[in-house]
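Peer 1: after the sequence you'll find the predicted model.
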Amino acid sequence: MKNLSCLRISIITASILFLNTTYGSSQSKDSERVPPVVSAEWLNQNISKTGIIILHVTPVRLDYEIGHIPGARFLWPGYIIISTENESTIPAPAEQAEEKLKELGVNNDSHVILCGLYGNVIQVCRVFVNLEHYGLRGKVSILNGGFEAWKNAGYETSTASPETVKGNFRINTYENLVGGEFVRSALNNSAYTIIDARPKAQYDGTTGTPRAGHLPGAKNLPQADMYDSKSFMFNEEEQIRKAFEKINISPGSRPIVYCHLGYSASVVYVASIIAGYEPLQYDGSMEEWGSHFDWPMEKNE
């Protein structure tokens, strides 16, 4: 049993070293990425460029049919984000996602633009995280402010569904999603900084289920602080950078973001890319961690 325990620890440690060396330090290389967030003006100027694929992200097809950006394709989030009896928020099976992305005309070298609607920024960010996981790392952007920003800028809209040439996308998994055992082993590893994206009251432990509090050593950076609550536009890059600087991330450290269900942490995941980091996301988040009563927690008195 002792040998098995040692082997388990060795495997987890090796995984941490692999993730850190394979994908580099916390700071991302700008040349490897398209902008994580683009403006309506930018999209209007680049919309006809080869490789641009606009996906209109909304849970109801009617919202797409009554108006969207010309050429945009409808993406039902359920093709990309699913829940199971064990977890509330995980990527859809790779085969399902691959086929849907092909149907939408996506190739491995496409530049995918995610266009949200009615302020569904959290949902759009989770789609962003999952698309990176499927292998589109550095090739996905979010339209800042969504379809409302496009319309408010006075740009053309359409009700027509575009003809789509089937893409050749193939899954090439990027390990940006980590589990509880990995996070446990990273708690005291200076190569990582754990970030709690929940509201301060949940982080402090004055409220929260199934257990109140936060992961040991976690920094609090509420996802709602990353964007404007009225326009649902991400804050300016400098403002986001300062927010990350304020929580004192160790130099060279890579953020691991979590929340309650692995949903709203996606906003901080995207924000950390804006700030220049290369994040990981704890998929199980507090839903998993809080259910393990032998895993450590902290509260702010």
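Peer 2: Structure's in. What do you need?
Peer 1: quick one, helices of the stretch 101-250 of the chain?
Peer 2: In the stretch 101-250 of the chain, the helices defined using DSSP state H, counting those that start in this stretch lie at 121-131, 146-152, 180-186, 200-204, 237-246.
Peer 1: can you add mean pLDDT and mean neighbour count and give those back as a markdown table?
Peer 2: The C-beta positions use only the backbone N, C-alpha and C, and glycine is treated the same way. Shown next, in a markdown table, are those (pLDDT from 0 to 100; neighbours: other C-beta atoms under 10 Å):
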| stretch | mean pLDDT | mean neighbour count |
| --- | --- | --- |
| helix 121-131 | 98 | 25 |
| helix 146-152 | 98 | 20 |
| helix 180-186 | 97 | 19 |
| helix 200-204 | 96 | 18 |
| helix 237-246 | 96 | 15 |
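Peer 1: who wins for proximity to Pro296 among these?
Peer 2: Nearest to Pro296, of all the helices of the stretch 101-250 of the chain, is helix 180-186, at 8.5 Å by C-beta to C-beta.
Peer 1: just the C-alphas of that closest one, formatted as PDB.
Peer 2: Only the C-alpha atoms of helix 180-186 are listed here, as PDB (Å, rounded to 0.1, in the frame of the first residue of the first chain):
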ATOM      1  CA  GLY A 180      -8.900  17.900  -7.600                       C
ATOM      2  CA  GLU A 181      -5.900  15.600  -7.000                       C
ATOM      3  CA  PHE A 182      -3.800  17.800  -9.300                       C
ATOM      4  CA  VAL A 183      -4.900  20.900  -7.400                       C
ATOM      5  CA  ARG A 184      -4.200  19.300  -4.000                       C
ATOM      6  CA  SER A 185      -0.600  18.600  -5.100                       C
ATOM      7  CA  ALA A 186      -0.300  22.200  -6.400                       C
END
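Peer 1: so what's the gap between it and the chain middle?
Peer 2: 19 Å (C-alpha atoms, centre = their mean, to the nearest Å).
Peer 1: what does stretch 186-206 give?
Peer 2: 17 Å.
Peer 1: quick check: buried residues in that stretch?
Peer 2: Going by neighbour count (16 or more other C-beta atoms under 10 Å), the buried part of stretch 186-206 is 186, 189, 191-199, 202-205.
Peer 1: residues contacting the nearest residue to His292 once chain neighbours are set aside?
Peer 2: Using C-beta to C-beta, 6 or more residues apart in numbering and skipping the chain neighbours, the partner closest in space to His292 is Gly180 (6.9 Å). Each residue near Gly180 by C-beta atoms under 8 Å, 6 or more residues apart in numbering is listed here: Tyr282, Gly284, Glu288, Trp289, His292, Trp295.
Peer 1: do that again at 10 Å, thanks
Peer 2: With contacts defined as C-beta atoms under 10 Å, 6 or more residues apart in numbering, the neighbours of Gly180 are Leu215, Tyr258, Tyr282, Asp283, Gly284, Ser285, Glu288, Trp289, Ser291, His292, Trp295.
Peer 1: then Asn152?
Peer 2: Ala40, Gly145, Ser231.
Peer 1: for the second one, give me the pLDDT.
Peer 2: Yep, that's Gly145 we're talking about. We have a pLDDT of 98 for Gly145.
Peer 1: what's the answer for Gly116, then?
Peer 2: Reported pLDDT for Gly116: 98.
Peer 1: and for Glu85?
Peer 2: Taking Glu85 on its own, its pLDDT is 89.
Peer 1: that one belongs to a strand, doesn't it?
Peer 2: No: assigned with DSSP: H, G, I helix; E, B strand; the rest coil, Glu85 falls outside any strand and is coil.
Peer 1: ok, it - how many residues close by?
Peer 2: 5 (other C-beta atoms under 10 Å).
Peer 1: from Ser266, how far out is it?
Peer 2: According to C-beta to C-beta, to the nearest Å, Glu85 stands 22 Å off from Ser266.
Peer 1: could you show me where the strands are in this protein, in order?
Peer 2: Ranges of strands in the chain, per DSSP state E, are 37-38, 52-57, 73-75, 81-82, 90-91, 111-115, 140-143, 177-178, 192-196, 219-220, 254-258, 280-282.
Peer 1: what bridges to Pro91?
Peer 2: Ile81 (DSSP bridges).
Peer 1: that one against Gly135, yeah?
Peer 2: No: counting by C-beta atoms under 10 Å, Pro91 sits too far from Gly135 to count as a contact (11.4 Å).
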